[in-house]
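1. no FASTA, just this:
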């Protein structure tokens, strides 16, 4: 059973920083892309940042220059360093593991964490 567990959310003032972590556990052979998405109240879930196994990254325009995504392949962990936070960054942040294989021949699947709340006060 694969699980993704996020941590590091909380309440921070505008201009502050937070670091989110997400650890994937269980039977895992390889994860293709890991990423972070967020969903604010009344809005659809949106991409924040992704990082491929070879460390190619992709960021939403709204977070470029402020957020940094990184991953530890040996420990199936992805991080999101968030600096210069703004009230509009307030959302539930979800970790995603895309193209996860539990064995070398298993079909790749998509997994999500339960989410962690990030609240930025003005």
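-> Thanks, I have the structure now. Treat the numbers as computed from the prediction; the structure is a model and nothing was measured.

2. Going by residue numbers, what spans are strands in this structure?
-> Secondary structure of the chain (DSSP state E): strands at 3-7, 10-13, 18-25, 30-39, 46-52, 57-59, 67-72, 77-82, 91-101, 109-112, 116-121.

3. TSV for those, including mean pLDDT and mean neighbour count?
-> Placement of C-beta: from N, CA and C, glycine included. Formatted as TSV, those follow (pLDDT from 0 to 100; neighbours: other CB atoms under 10 Å):
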stretch	mean pLDDT	mean neighbour count
strand 3-7	96	17
strand 10-13	98	13
strand 18-25	97	18
strand 30-39	97	21
strand 46-52	98	18
strand 57-59	98	15
strand 67-72	98	18
strand 77-82	98	21
strand 91-101	96	21
strand 109-112	96	14
strand 116-121	98	17
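
4. And residue 71, how far from residue 27?
-> When distance is defined by CB to CB, to the nearest Å, residue 71 is 19 Å away from residue 27.

5. oh, I was asking about residue 60
-> For residue 60, the distance to residue 27 - CB to CB - is 31 Å.

6. My guess is residue 40 contacts residue 91. True?
-> Yes - shown here, residue 40 and residue 91 form a contact pair, counting by CB atoms under 8 Å, at 4.2 Å.

7. Point to the residue nearest the middle of this protein.
-> Nearest to the mean C-alpha position of the chain, by CA atoms, centre = their mean, lies residue 36 at 2.6 Å.

8. Quick check: phi and psi at the residue lying farthest from the centre of the chain.
-> Residue farthest from the centre of the chain, counting by CA atoms, centre = their mean, is residue 105 at 25.9 Å. Backbone torsions for residue 105, taken as degrees, to the nearest 10, come to phi -110, psi 0.

9. Return the distance of stretch 99-108 from the chain's centre.
-> The chain centre lies 20 Å from the centre of stretch 99-108; the measure is CA atoms, centre = their mean, to the nearest Å.

10. Residue 13 bridge partners, please.
-> With DSSP bridges applied, residue 13 shows beta-bridge pairing to residue 121.
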